[in-house]
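In: Structure for this input, please:
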Amino acid sequence: MLTTRYVTGAPNWLDLGTPDIDGASSFYADLFGWRFRPGGPEAGGYGFFQLDGRTAAGGMQTTPEQGPPSWTVYFQTPDADATAKAAEQAHGSVLMQPTDVMDQGRVAILADQAGVTFGIWQPAANKGLDVVRDPGSLCWLELYTRDLPAAAGFYHALFGWETSALTFAGGTYTTVHPQGTEPEAMFGGMVPLEDDPARATSGTWLPYFEVPDADRAVSAAQHGGGTVRLPATDLEDVGRIAELADPYGARFAVIKSSPPRQQ
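Out: Next comes the predicted model:
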């Protein structure tokens, strides 16, 4: 599962672009217990959402010209320039060229073969998020795509991701895990868009955050001005999930994970 022992291809960062960082900070403080710590003048307005003093995400105020409010997930790479070049060769695109972030690392923003945006992070002083899987932190990712085989091929070319099929009542679910690891190291899944037409009409990466109680998280989100895109729903052997959007439209999901099944 998701871990802070980051390896190539694993998600190691995510951040929020929002038109109102103060309003977003208040919303996520009530929802997850986060506190926003500005990065200082040299960070250009970028800051860190912290959970009990540990960084759970990044965030900054953005303009409409920078795109709609959204969460962006980043994957670890040992060489951001080589990964950006590989994305172009695999029919993706480079939206922001690899750039050094002070002494913290090297970053780029890419799009896959279907135009879905994601980031890459080549760590230096900043190795990645301090906390995952705890309540209030990132615990899973889903890629919604119109062409699952093409998406699997694209990310395999970039990161060496391997896929596995989990069978459930009514179908299968495609999971992804870093190259050279066992399927138990899965950190996300790929979902064909036609399986759920009520979601986005174009592909997207959707982050999931662990919560102590999915129904309370839904209520808190609504109270804070957010919207419910998918009501709280039980998934057997997975947990209780809900898909939400913050007051500015950034989409995310919450999950109260089921305890591991006893062998």
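In: Name whatever forms a beta bridge with Ser70.
Out: Beta-bridge pairing for Ser70 (DSSP bridges): Gly17.
In: ok, now Gly119?
Out: Tyr74, Ile109.
In: Let me see the ranges of the strands in the stretch 51-200 of the chain.
Out: Assignment of strands within the stretch 51-200 of the chain using DSSP state E, counting those that start in this stretch yields the ranges 54-61, 70-76, 93-101, 105-111, 117-123, 138-145, 162-168, 171-177, 188-192.
In: which neighbours does the shortest one have in its sheet, and in what orientation?
Out: The one in question is strand 188-192. Strand 188-192 is paired, per DSSP bridges, with strand 138-145 (parallel), strand 171-177 (antiparallel).
In: Out of the ones you listed, flag the one nearest Phe27.
Out: Closest approach to Phe27 among those is made by strand 138-145 (16.8 Å; Cβ to Cβ). All C-beta spots, glycine's among them, are computed from the backbone N, C-alpha and C.
In: Which residues outside that closest one are in contact with it?
Out: By Cβ atoms under 8 Å, 6 or more residues apart in numbering, the residues outside strand 138-145 that reach it are 1-2, 11, 14, 56-57, 73, 112, 114, 116, 129, 132-133, 151, 187-193, 196, 199-200, 203-210, 253, 255, 257.
In: Which positions in it come out as buried?
Out: Leu138, Cys139, Trp140, Leu141, Glu142, Leu143, Tyr144, Thr145 (16 or more other Cβ atoms under 10 Å).
In: for stretch 241-249, same thing?
Out: Buried residues in stretch 241-249 (16+ other Cβ under 10 Å): Ile241, Ala242, Glu243, Leu244, Ala245, Asp246, Pro247, Tyr248.
In: what's the answer for stretch 51-70, then?
Out: Leu51, Thr55, Ala56, Ala57, Gly58, Gly59, Met60, Gln61, Thr62, Pro69, Ser70.
In: Need the buried ones from the contacts of strand 138-145 selected in ChimeraX.
Out: Applying 16+ other Cβ under 10 Å to the contacts of strand 138-145, the buried members can be selected in ChimeraX as follows:
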select :2,11,14,56,57,73,112,114,116,129,132,133,151,187,188,189,190,191,193,199,203,204,205,206,207,208,209,210,253,255,257
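In: Just the ones in helices from the contacts of strand 138-145, please.
Out: Here DSSP state H is the test, and the contacts of strand 138-145 give Ala151 as lying in helices.
In: part of a strand, is Gly249?
Out: No: membership of Gly249 in a strand is not supported by DSSP: H, G, I helix; E, B strand; the rest coil, which gives coil.
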